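> I'll drop the sequence and a predicted model, then ask my questions.
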Number of protein chains: 2
Amino acid sequence: MRARPTLEKVAARAGVSRATASRVVNGSTRVAPEIREAVNRAVEELGYVPNQAARSLVTQRADSIALVFPEPATRVFSEDPTFAGIIRGVSLEIEQADKQLVLMLTGTPGGYQRVERYATNGHVDAVIIASMHGTDPLPGILSRRGVPVVCSGRPGVPGDLPYVDMDNLGGAERAVRHLLEQGRRRIATIAGPQDMIAGIDRLNGYRNVLRDSDRRSIVAVGDFTRESGAVAMRQLLADDPEIDAVFAANDLMALGALRTLRAEHRRVPADIAVVGFDDIPAASYAEPPLTTVRQPTVEMGRRLARMVLDLEERRQVVLPTELVVRDSTASGGAAS
Amino acid sequence: MRARPTLEKVAARAGVSRATASRVVNGSTRVAPEIREAVNRAVEELGYVPNQAARSLVTQRADSIALVFPEPATRVFSEDPTFAGIIRGVSLEIEQADKQLVLMLTGTPGGYQRVERYATNGHVDAVIIASMHGTDPLPGILSRRGVPVVCSGRPGVPGDLPYVDMDNLGGAERAVRHLLEQGRRRIATIAGPQDMIAGIDRLNGYRNVLRDSDRRSIVAVGDFTRESGAVAMRQLLADDPEIDAVFAANDLMALGALRTLRAEHRRVPADIAVVGFDDIPAASYAEPPLTTVRQPTVEMGRRLARMVLDLEERRQVVLPTELVVRDSTASGGAAS
DNA sequence: GGGGGGTGTGAGAGCGCTCTCTGGAAGAAT
DNA sequence: ATTCTTCCAGAGAGCGCTCTCACACCCCCC
């Protein structure tokens, strides 16, 4: 590999000082047009690219952003396309800002310290944390150490940490209201883990709507996996065989529920309607296609990135979710 | 953010020179034990962390590795857990080597130039390319520019570029042989895109086995999406209604085929057996659970990383695949 | 025509680190 | 006892860049 040209060489070729060359490269306007031209030509001819390390050393900026997936997240990583969407969104914005995206999956339990070291270290300018558990200490720690941080999902501990969240509450409310509108009478829910904000909010949304309509809640709790959805559905059916609708707190659990219902010979949507949450690709291919609540995952990634890049005014953003109606809640079924 | 301590401060506190402090920090053995001890204590007390930029500037190494997903890959990103597995594997090894993982999704068409600039730039020490199309020019370009490169998947153009590939050929052969052993007579395939090595190899595996058994090939081509699998299956059925087995070149297409078969009231596996490839999570939850060929994706990621970290002897590795038998190919079905 | 203000360029320090080179002390060999 | 070798620590250069400061120059106004 031939040695890369330095600013010095560019300056020499253009017949100016290193300082002026630097000014041109960094887009300063206070340079005479003809000189700017000469420097740009030299840059072009030599194929000059600034040395990031040297630049960082003096500017104290790294021009890179860390995206951290804490250990619990890495486990579901492969089956949950939410993360893929976030990564894409973040990547899009980071690329536009001409910075680098450093991905950190804290696979090992000790991974946190590694992240802490790297982040407090000047390696990265800011950290985006795809934290699932609201009680995750990492955002607080980093923030206190002076590292700009933004969380995907509202942190559980109240405070002024910046975050981008989905409207889980509103989405759940809309989903359950939709079931009511379809004439469903006994509406159960398969809730998510109650130590995750998303799980809590979605259950609250369900409860809010049922309370307003004077119906009682029928709740089973899963852990966002397909298997737990199947188990929860069995339990729900055993508890109350009259159930005619289920709101699952995510699609994976809804898919599990569908499986149980098939095994128990309950027709969907004729006997029982099912709604999920997330709108993962598999939802639309389910049998029957699953009504669900869509989340703007790529947009979430973008906003997260924009926030740490200081392109965003607000420090706390909640993105709207959208009900996607498919066959699993088709109306008229309740009449049978 | 309080100023981070420098080596100078550590040296002062330990009562040694900067050079010696540097030696200790970098684990040189040629330092007296008591001095090493003193320096380590100072590091501890001050919470010293080396400045990577300064280090890179002099060592000419970036201590970070780029993982590049070319544009075509980013599209399927969200539905294909293969990539998630690779990322995890790479991340695991990189973490162990105490380096950084820079993720680059070349979302925009112009993204290639950005990757090229970054890589030839000293930003990263090496590049891992999750290239899907065998004819991707990027690996060759970077390699010629002196950047260490390794590809996930065998490059289409013959040469000595390092790669880690799955045993697509062997896996396909085993799958089709399995169908023969189950007594299936007319075995069709839904092939993948023929501009991807994985698509080509899997089709060749299918052909090899059928040729050896004097059966004729029945081929439809898809593009690895669920929808294309459904379409291909319809076409296959129209072409030859006597088909009693299908080998799909990936699980998504197999899932699509399953959907078509259900719509056409063909029983699986009684009337027709289905095999997929990849063993994505959805395969085991399909109706019926899908027989498929498992790929060691995390292991692939690890090997890719180890290769660019020079921890691997061989420059070209093919990882074994494994047939996972589930209900979709249960035997006896052909008799009905 | 001389002083003030503005504008564009160059000189040079220094970011924090590694690494070579030199020097001195201690041990081995004659 | 003297010289040679070995080993360890320190001095200092310099990686490539940015940025402050000083300086030269030109235009305008009184």
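Received the coordinates, thanks. Numbering: from 1, shown residues only, chains lettered A, B, ... in the order given.
> Show me the residue at the heart of chain A, geometrically.
Nearest to the mean C-alpha position of chain A, by Cα atoms, centre = their mean, lies residue A:86 at 4.4 Å.
> That residue should be in a helix, yeah?
Yes: counting by DSSP: H, G, I helix; E, B strand; the rest coil, residue A:86 is located in a helix.
> Leaving out the residues flanking it, which one is nearest to it?
The shortest distance from residue A:86 to any non-neighbouring residue, by Cβ to Cβ, 6 or more residues apart in numbering or on different chains, is to residue A:301 (4.2 Å). In short, each C-beta sits where N, CA and C put it, glycine included.
> same question, residue A:151
Nearest non-adjacent residue to residue A:151 (Cβ to Cβ, 6+ apart): residue A:163, at 4.2 Å.
> next one: residue A:230
Residue A:230's closest residue in space is residue A:256 (Cβ to Cβ, 6+ apart), at 3.7 Å.
> Where does the one you found sit, in terms of helix or strand?
Using DSSP states H and E, the element containing residue A:256 is helix A:251-263.
> next one: residue A:34
Element membership for residue A:34, per DSSP H and E: helix A:33-46.
> From the chain's centroid, how far away is that helix?
Distance of helix A:33-46 from the chain centroid (Cα atoms, centre = their mean, to the nearest Å) equals 43 Å.
> Is DNA strand C within reach of it?
Yes: Helix A:33-46 is in contact with DNA strand C by Cβ under 7 Å from any atom of the strand, via residue A:35.
> C-terminal to that helix, what's the next element?
Next along from helix A:33-46, by DSSP H and E: helix A:52-59.
> Who are the packing partners of that following helix?
If you count contacts as 3 or more Cβ pairs under 8 Å, 6 or more residues apart in numbering or on different chains; DSSP states H and E, helix A:52-59 packs onto helix B:52-59.
> The helix it packs on: which residues count as buried?
B:52, B:53, B:54, B:55, B:56, B:57 (16 or more other Cβ atoms under 10 Å in any protein chain shown).
> quick check, nearest of those to DNA strand D?
Among those, residue B:57 lies closest to DNA strand D (Cβ to the nearest atom of the strand), at 4.1 Å.
> Look up how far residue B:51 lies from that closest one.
9 Å (Cβ to Cβ, to the nearest Å).
> Same question for residue A:21.
25 Å.
> burial measure for the residue in the stretch 151-300 of chain A positioned nearest to DNA strand D, as a count.
Using Cβ to the nearest atom of the strand, the closest approach of the stretch 151-300 of chain A to DNA strand D is made by residue A:162 at 25.3 Å. Residues near residue A:162, counting by other Cβ atoms under 10 Å in any protein chain shown, number 19.
> Give me the more crowded residue out of residue A:21 and residue B:51.
residue A:21 (27 against 19).
> wait, does the helix or strand where the more buried one lies make contact with chain B?
Here residue A:21, judged by DSSP H and E, is contained in helix A:18-25. No: figure legend: helix A:18-25 not in contact with chain B (Cβ under 8 Å from any Cβ of the partner chain); closest approach 13.7 Å.
> Could you check the angle that helix makes with helix A:33-46?
90 degrees (axes from the mean of the first three to the mean of the last three Cα atoms, to 10 degrees).
> Which residues does helix A:18-25 contact?
A:7-8, A:10-11, A:14, A:30-31, A:35-36, A:39-40, A:42-43, A:48, A:50 (Cβ atoms under 8 Å, 6 or more residues apart in numbering or on different chains).
> wait, what's in contact with residue A:221?
Per Cβ under 8 Å, 6+ apart, neighbours of residue A:221: A:190, A:191, A:192, A:193, A:194, A:232.
> and the stretch 1-150 of chain A, which of its residues are near DNA strand C?
So far as Cβ under 7 Å from any atom of the strand goes, the stretch 1-150 of chain A lies against DNA strand C at A:16-20, A:23, A:30-32, A:35, A:54, A:57-58.
> For those residues, name the two members farthest from one another.
A:32 and A:57 (29.0 Å; Cβ to Cβ).
> I'd like the mean pLDDT over stretch A:142-153, please.
What stretch A:142-153 shows for mean pLDDT is 90.
> For that stretch, measure first residue to last.
Stretch A:142-153 has an end-to-end distance of 17 Å (Cα to Cα, to the nearest Å).
> Check stretch A:14-29 too.
Across stretch A:14-29, first to last residue, Cα to Cα, it's 18 Å.
> for stretch A:134-148, same thing?
End residues of stretch A:134-148 are separated by 18 Å (Cα to Cα).
> neighbouring contacts of it?
A:68, A:70, A:112, A:115-116, A:119-120, A:124-127, A:129, A:131, A:149, A:151, A:153-157, A:159, A:161, A:195-197, A:200, A:308, B:1-2.
> From those, which land in strands?
A:68, A:126, A:127, A:129, A:149, A:151 (DSSP state E).
> Nearest to residue B:328 among those residues?
Among those, and counting by Cβ to Cβ, the member closest to residue B:328 is residue A:68, at 38.9 Å.
> who's the closest one bridged to?
Taking DSSP bridges as the rule, residue A:68 bridges to residue A:104, residue A:129.
> Next up, the contacts around it.
A:104, A:106, A:115, A:127, A:128, A:129, A:130, A:138.
> what packs against the helix holding residue A:34?
So helix A:33-46, by 3+ Cβ pairs under 8 Å, 6+ apart, packs with helix A:7-14, helix A:18-25.
> Would you reformat the ones you listed as TSV and include distance to residue A:98 and mean pLDDT?
Output for those, formatted as TSV (distance: least, Cβ to Cβ, whole Å; pLDDT from 0 to 100):
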stretch	distance to residue A:98	mean pLDDT
helix A:7-14	18	91
helix A:18-25	13	91
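> Let me know the distance separating whichever residue of the stretch 51-200 of chain A sits closest to DNA strand C from residue A:126.
Nearest to DNA strand C, among the residues of the stretch 51-200 of chain A, is residue A:58, at 3.7 Å (Cβ to the nearest atom of the strand). Distance from residue A:58 to residue A:126, counting by Cβ to Cβ: 19 Å.
> same thing with residue A:202?
Going from residue A:202 to residue A:126 by Cβ to Cβ gives 29 Å.
> between the two, which one's more packed in?
Applying other Cβ under 10 Å to residue A:202 and residue A:126 shows that residue A:202 carries more neighbours, namely 29 against 20.
> OK, contacts around the more buried one?
By Cβ under 8 Å, 6+ apart, the residues touching residue A:202 are A:168, A:169, A:171, A:172, A:191, A:192, A:249, A:277.
> and it, what helix or strand is that in?
helix A:197-212.
> buried stuff in that helix?
Using 16+ other Cβ under 10 Å as the test for burial, helix A:197-212 gives A:197-203, A:205-210.
> Then stretch A:233-240?
For stretch A:233-240, a neighbour-count test (16+ other Cβ under 10 Å) marks A:233, A:234, A:235, A:236, A:237 as buried.
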